[in-house]
Every structure is written in C-alpha cells, then in structure tokens.
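> give me a model of this one.
(one chain, ligands or ions: 2)
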Amino acid sequence: MQRVENEIARLIKEINYDEVTRLFEMLLGGKRLRAKLILKIAASHKKAPLLAAIVELIHAASLLHDDVIDEATLRRGVASVNATDGSKTAVMFGDILYSKAFTELVSFDKEIAKIISSSVTALSKGEMMDVKMADNFNSDEEKYLEMLYLKTATLIEAAAQAAAILTGKNPEPYALYGRNLGLSFQIIDDILDITADSATLGKPSMNDFAEGKCTLPYIYLYKVLSDDEKERLVSLHAKALDEQETLWIKQKMQEHKTIEKSFELAQKLSNEAMITMKDDEQLVNILQTMIKRSY
Ligand code: FPP
Ligand code: MG
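Ligands and ions are numbered 1, 2, ... in the order given. Model prediction:
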C-alpha cells in the first residue's frame with residue numbers, strides 16, 4: 001500500500017499548486033478499499049499502484065462533491081472541505097483530482113480506461129438518482145438497489161475488473177466480486193447509520209432518513225406496517241426527528257426485524273462473492289472483515 005500512497009503523492013505534486021497540496025493533506029485517506037482490491041488482484045503488475053492511485057483520486061473527488069451535495073460538515077470524523085474552505089473550493093478541488101486521474105488513465109489500455117471512465121458516469125448517475133429519490137418517500141426496493149449499485153458498487157466493480165484485465169485474468173468473476181462487495185458494503189453502511197452512534201460513525205447517526213434517504217431497513221419497515229403506521233413513517237421522512245420519533249422508528253424496526261432482514265441481503269450478496277473467490281483467501285478476508293463491521 002505504501003507504493004499506492006507514493007503514487008498518490010507524486011500525482012498531487014505534479015498538479016503543482018500549493019493550494020491543492022494543502023487541501024490534499026487535510027483529507028484522511030480512509031480505508032483505501034478500492035486500492036487494496038486492485039493490489040490484491042494485480043499484485044505483480046508494475047502499473048497496479050498507479051491504477052490504484054487513479055481509482056482512489058476518483059473516489060476522493062466523488063466524496064468531495066458528495067459532501068457539497070449532501071451539505072455534510074463531517075467526513076471520516078473530521079471537518080469536510082466544504083465546511084472548512086467552502087463549497088466552491090471543494091467542487092474545484094474535486095474537479096482537479098478527478099481530471100488528473102483521467103489524464104493518468106489514458107496511459108492504460110483502452111479497455112481498462114473505458115471500464116474506469118464509464119464507471120464514473122455510472123456513479124454520477126447513481127448520485128443524481130439518490131438526490132432525486134430523496135424528494136419523496138421511496139418504498140421501491142429494486143429502484144433503491146439499482147441506485148446503490150450505480151452510486152457505490154460500480155467503481156469497486158470497475159476497479160476489480162480493470163485489475164483482472166491488467167494481469168490477463170478472466171475479469172468476469174472479479175467484476176461479480178466487486179459488485180457484490182460494493183452492494184453489501186453500502187447496505188451495511190446504511191444499517192450502521194441506524195445502529196451505530198455518531199462517535200463511531202464520524203457523522204450524525206440516523207442521518208440518512210433525515211436527509212430523505214429511504215434505505216433498506218426503512219423500505220422493509222414500510223412494507224410491514226399498518227396503514228396508520230405507514231402514514232406516520234412517511235410523515236417523518238426528510239425531517240429532523242426528536243428523541244421520541246427516533247425511538248418509535250427504532251422500536252418498529254426491532255419489532256419487525258428489518259435491520260436483520262437488510263443484513264441478510266448483505267450477507268447473501270457477500271456469500272455469493274465468497275463462493276466465486278473461494279480459492280483466494282485474501283479476497284475472502286476482505287469480505288469477511290467488511291461484513292463483521294456491522295454488529
Ligand atoms: C457517497 O454516498 C457518494 C458516492 C459513493 C458517490 C458520489 C458521486 C458523485 C458526487 C459523482 C461525481 C463524481 C466525480 C468523480 C467528481 P453517501 O452520501 O450515501 O455516503 P456518505 O455517507 O459517505 O456521504
Ligand atoms: Mg454523502
């Protein structure tokens with residue numbers, strides 16, 4: 001992973017603007033899940049660290065823009081760039097990171113460049129769907145999963161697929177692995193928004209529903225509530241909730257086991273990925289660690 005960090009540092013230096021260097025130093029690297037995946041799949045290839053650095057820059061850019069869109073003041077437990085330096089700076093900084101990533105991407109085979117770049121179109125589409133869907137209470141599970149796939153899973157899927165192509169492996173099982181890892185990762189993120197406290201999350205808890213996002217535990221809950229209760233749940237959508245309202249939602253979720261049901265889907269998706277990658281201990285470990293962070 002040090003090779004990836006070195007590549008990222010080199011690319012930032014090449015941008016040759018002290019303001020960008022300063023802003024980049026403020027960002028926390030995060031889990032570097034996408035980079036780890038690329039290194040594991042294409043371990044021996046000399047361009048794997050560069051590919052990993054490119055994908056991490058794209059991911060960082062998407063989070064900078066996402067925090068502006070979500071008006072989030074915290075990212076990974078520290079103040080977001082839009083909070084410290086304003087939204088204009090966060091947007092421009094994101095533009096610089098992702099265009100630099102694209103400049104580097106053209107040094108790869110066309111097939112790889114196409115997979116990564118079209119995944120950015122997909123994730124941007126997913127973000128737009130996410131924002132649009134938050135306008136109204138959404139109870140459509142399929143629509144929700146389609147948005148999740150685009151917003152979170154496509155870049156992970158593309159990273160795994162591109163890494164496989166780089167080393168001449170069959171990309172199909174890696175694409176499935178990346179897709180299912182991304183989906184179950186996001187479902188668990190949605191669960192943690194409800195079950196974890198704000199100190200653990202590094203952002204306010206129960207924030208998704210207040211932002212208008214009807215995640216799986218809410219969708220499953222809606223399906224099983226009585227008509228009166230359905231009405232109450234919809235009336236609480238996209239609002240700052242008081243303690244009593246939060247408690248009501250949590251109690252209903254407990255009563256109807258909607259967290260467990262959501263977790264079952266995450267588990268089913270990751271099991272499918274584990275079976276596909278059963279001979280690769282490290283890739284199986286990534287999935288197991290990810291699933292474990294939920295409870
Ligand atoms: C986080 O979602 C957001 C994403 C995974 C994707 C955001 C994508 C864009 C803003 C498209 C623009 C892309 C580029 C490369 C400039 P979330 O809000 O559910 O998660 P969070 O809790 O981590 O904020
Ligand atoms: Mg966000």
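> check the offset of stretch 184-203 from the chain's centre.
Between the centre of stretch 184-203 and the centre of its host chain there is 12 Å, according to C-alpha atoms, centre = their mean, to the nearest Å.
> that one vs ligand 1: in contact?
No: against ligand 1, stretch 184-203 shows no contacts by C-beta under 6 Å from any ligand atom, the least distance being 6.5 Å. (C-beta placed from N, C-alpha, C; glycine too.)
> now the terminal residues of that stretch, how far apart.
The straight-line separation of the ends of stretch 184-203 (C-alpha to C-alpha, to the nearest Å) is 20 Å.
> only the buried residues of that stretch, if you could.
Buried residues in stretch 184-203, counted by 16 or more other C-beta atoms under 10 Å: 184-196, 201, 203.
> which two of these have the greatest separation?
Spatial extent of those (C-beta to C-beta) is set by the pair Ser184 and Lys203 at 20.4 Å.
> nearest to ligand 2 among the buried residues of stretch 184-203?
Closest approach between the buried residues of stretch 184-203 and ligand 2, by C-beta to the ion: Lys203, at 8.5 Å.
> now do the helices in the stretch 1-150 of the chain.
With DSSP state H, counting those that start in this stretch as the criterion, the stretch 1-150 of the chain has helices at 2-15, 18-26, 33-41, 48-70, 81-85, 87-105, 110-133, 141-148.
> CSV for those, including distance to ligand 1, mean pLDDT and mean neighbour count?
Below are those laid out as CSV (distance: least, C-beta to the nearest ligand atom, whole Å; pLDDT from 0 to 100; neighbours: other C-beta atoms under 10 Å):
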stretch, distance to ligand 1, mean pLDDT, mean neighbour count
helix 2-15, 15, 96, 16
helix 18-26, 15, 96, 14
helix 33-41, 11, 94, 23
helix 48-70, 4, 97, 23
helix 81-85, 12, 97, 19
helix 87-105, 4, 98, 18
helix 110-133, 4, 97, 17
helix 141-148, 9, 97, 17
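> which ones are touching Glu141?
Under the criterion of C-beta atoms under 8 Å, 6 or more residues apart in numbering, the contact list for Glu141 reads Leu216, Ile219, Tyr220.
> is it true that the second one lies in a helix?
Yes: with DSSP: H, G, I helix; E, B strand; the rest coil as the criterion, Ile219 is located in a helix.
> report how many residues lie close to it.
As a burial measure, the neighbour count of Ile219 was computed by other C-beta atoms under 10 Å and equals 21.
> shouldn't it be in contact with Lys143?
No: no contact is recorded between Ile219 and Lys143 when judged using C-beta atoms under 8 Å, the distance being 9.4 Å.
> tell me the pLDDT of the spatially closest residue to Thr167 that is not a sequence neighbour.
Spatial nearest neighbour of Thr167, excluding adjacent residues (C-beta to C-beta, 6 or more residues apart in numbering): Ala42 at 4.6 Å. According to the predicted model, the pLDDT of Ala42 comes to 95.
> so what's Ala42 up against?
Taking C-beta under 8 Å, 6+ apart as the definition of contact, the neighbours of Ala42 are Ala48, Leu51, Ala163, Ala164, Leu166, Thr167.
> looking at it, the third one is touching Ala48, isn't it?
Yes: with contacts counted by C-beta under 8 Å, Ala163 reaches Ala48, the gap being 6.7 Å.
> alright, calling it a day.
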